[in-house]
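Student: here is a sequence with its predicted model. Questions after.
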Amino acid sequence: MAGQIPLVDYLVLDAGEPHLVAQECTNCGARFFDRRNACAGCFGTEFSSVPIATEGTVRAFTIVAFAAPGIPTPFAATVVDCAGTQVRANLINVTPDPEHVHDGMKVRLATYSLGADSDGTEAIGFGFEPVS
Amino acid sequence: MSASDEVWILGIRMTKFGKQPGLDTVDLAAEAAMGALSDAGVTMKDIGVIAAGNLMNASAGIGQQLQKQIGQTGVPVYNVANACATGATALRTAIMAVKAGEVDYGLAVGVEKLAGAGLLAGGSSKKDDDTWTPKGRYGAVAPVDGRIGTETMPGVFAQIGTEYGHKYGGTSFELFAKISEKNHAHSTLNPLASYQKRFTLEQIMNDVMIAYPNTRPMCSANCDGAAAAVVCNGETLKSLSLEQRRRAVKVSASVLTTDPYEEGCQVLPNVNTLTRKAAEIAYAQAGIAPSDLNLVELHDCFATAELVHYDNLMLCEVGGAADFFNSGATWRDGSTPVNVSGGLESKGHPIAATGIANIWEICHHLRGEAGDRQIENAKVGLAHVIGLGSACGVHILEKSAAKSAV
């Protein structure tokens, strides 16, 4: 079977238990999702990979109607508070309109396929869906 | 020349904002700069330093391009860029030079041609590769803007607004639309505004949605424009005519900040902390309180942004921005008129010009020259801009105490 690759390297696919990981500063605990040169909070240079809670609360949202070419609209962009760590994501598996999307919603991590490349490798993206 | 803690705006000018197809970037910058020089009663020969910004062409050296049109005097030029805080950054740069006594007069200029620009920021639309290949600091195999949240300005600032509502309550699509209604109403009195049209609340809420809850009239207007200011310090001012001293506006505070680290600030920009910090420093520098302000020109890049800045600039209590707006306080006849110029939503936002243009508005009122839209007895004003990345400029301006002759 062809392999899978995550959309971003902070999405860990982990055989059926997908989750996000952050780089956590070993000195002050600040968490980042990108490759780091140092900690923006305390200037430390040691990090460890930590898993992020897969459930959270929508803290801020918008429904974007105009986007870069190739991005289907409208879509709901959010910041999800996952047990104290802020995560940028789209809301998926929900109608992107003000009737269905609001701050304070309980959501959980979900994944979807971006399709296969010419080698047959499937790219997997993530979003958050409402906890029913 | 000697150093002085007192800084003055001696002359200032903004061009009409709007579509200016017959004028290029340097034409607009020259109009503003020559206007400011004339307003100040000085010439390019007197200027010892130039700070200039033009974001759309940031590496093209707008300062030197301007010199080639209006005066190549060999003085230092600082071409500056700080996103939407570029104009305030240019002014801050000129202020630092005159404050230090390095030069007698400094010129700050901001100019932008943005009419018809459409959606700004957001990821590139380059074609996805043949095979999924991790690239960049997130190891992304495809562009993430639109797949992992949004980087478009209307969407980022929409979230900043809904986040405020999540923390404190009291917000709604209608509330944000009412802020836009206020600014469009204010602009009908401003002949330099890009748009001078009143909109009803229904028209605003039913207009094209860009990023909920920001509809098109709730977004800053892309347009062409420039603004420029001539500054000097208190020692220099003493030597000038009574008329120059009467019309000079005191810069009681000139502050620039960037966003300090906070949890989540690299996920959704935090425009709150750096604004509050800039305001605190500014009020302390000026020795005034928010309640002393007669008018405020703040950065309503989107209607959702204006609301949070009521709180950040300490015009209301923490968490009280919705109640503050609903009390009518920020309309031109309220206790704290905000954006009587029409704001970025209606006056327009030619990015590098905005930080000097909103100071022009404050000066216009402090000099008693604002005509139909004059805020009566205006003595103290605050101008605020914020650019994502981020940078925040806050200036507090005060009317000159010098009386006119006779």
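Tutor: Perfect, I can see it now.

Student: contact partners for residue 31?
Tutor: As the question left the chain open, I've gone with chain A. Applying CB atoms under 8 Å, 6 or more residues apart in numbering or on different chains, we find A:Arg31 in contact with A:22-25, A:50, A:52, A:85, B:263. Using the backbone N, CA and C atoms, a C-beta is placed for each residue, glycine as well.

Student: oops, chain B please
Tutor: Contacts of B:Glu31 (CB under 8 Å, 6+ apart): B:13, B:15, B:23, B:226.

Student: just A:Arg35 next, same as before
Tutor: Here A:Arg35 is in contact with A:23, B:137-139 (CB under 8 Å, 6+ apart).

Student: quick one on the thing from earlier: among the contacts of B:Glu31, which lie within strands?
Tutor: Judged by DSSP state E, those include B:13, B:226 as members of strands.

Student: just among the contacts of B:Glu31, which is most surrounded?
Tutor: Using other CB atoms under 10 Å in any protein chain shown as the neighbour criterion, B:Ala226 leads the contacts of B:Glu31 with 37 neighbours.

Student: that one bridge partners, please.
Tutor: For B:Ala226, the beta-bridge partners are B:Val111 (DSSP bridges).

Student: now the residue nearest the centre of chain B: how far from chain A?
Tutor: Chain B has B:Gly355 as the residue nearest its centroid, 3.3 Å off, counting by CA atoms, centre = their mean. Computed as CB to the nearest CB, to the nearest Å, the B:Gly355 to chain A distance reads 26 Å.

Student: cool, B:Ala303 as well?
Tutor: If you measure B:Ala303 against chain A using CB to the nearest CB, the figure is 13 Å.

Student: how many residues are close by that residue?
Tutor: B:Ala303: 31 surrounding residues under other CB under 10 Å.

Student: cool, and B:Thr258?
Tutor: 14.

Student: can you tell me the closest non-neighbouring residue to it?
Tutor: Nearest residue to B:Thr258, sequence neighbours excluded (CB to CB, 6 or more residues apart in numbering or on different chains): B:Ala391, at 5.5 Å.

Student: before we move on, what SS does B:Val26 have?
Tutor: The assignment at B:Val26 comes out as helix when based on DSSP: H, G, I helix; E, B strand; the rest coil.

Student: so what's it up against?
Tutor: Neighbouring residues of B:Val26 by CB under 8 Å, 6+ apart: B:62, B:65-66, B:69, B:111.

Student: and it, how far is that from B:Ile288?
Tutor: Per CB to CB, to the nearest Å, B:Val26 is found 38 Å from B:Ile288.

Student: now do B:Arg13
Tutor: B:Arg13 is 26 Å from B:Ile288, where distance means CB to CB.

Student: just to confirm, which helix or strand has the most far-flung residue of chain B relative to its centre in it?
Tutor: The outermost residue of chain B relative to its centre, with distances by CA atoms, centre = their mean, is B:Thr131 at 44.2 Å. For B:Thr131, there is no host helix or strand (DSSP states H and E).

Student: could you pull up the residues touching it?
Tutor: Residues counted as contacts of B:Thr131 (CB under 8 Å, 6+ apart) are A:117-119, A:121.

Student: so among the residues you listed, which ones count as buried?
Tutor: Neighbour-count burial (16 or more other CB atoms under 10 Å in any protein chain shown) applied to these gives A:117, A:121.

Student: return the subset of the contacts of B:Thr131 lying in helices.
Tutor: With DSSP state H as the criterion, helices contain none of the contacts of B:Thr131.

Student: between the contacts of B:Thr131, which is nearest B:Asp207?
Tutor: Nearest to B:Asp207 out of these is A:Asp117 (CB to CB; 40.9 Å).

Student: so what's the predicted local confidence for that closest one?
Tutor: Each residue has a pLDDT score; the one for A:Asp117 is 94.

Student: can you tell me the closest non-neighbouring residue to it?
Tutor: The shortest distance from A:Asp117 to any non-neighbouring residue, by CB to CB, 6+ apart, is to B:Thr131 (4.3 Å).

Student: that older thread, out of the contacts of B:Val26, name the ones that lie in helices.
Tutor: Judged by DSSP H, the contacts of B:Val26 include B:62, B:65-66, B:69 as members of helices.

Student: what about the helices in chain B?
Tutor: For chain B, the helices defined by DSSP H cover B:25-40, B:62-70, B:86-99, B:153-168, B:173-187, B:201-206, B:234-238, B:242-247, B:272-286, B:303-312, B:321-326, B:343-346, B:351-366.

Student: tell me which of those sits nearest to A:Gly29.
Tutor: Closest among these, once you apply CB to CB, is helix B:272-286, at 18.6 Å.
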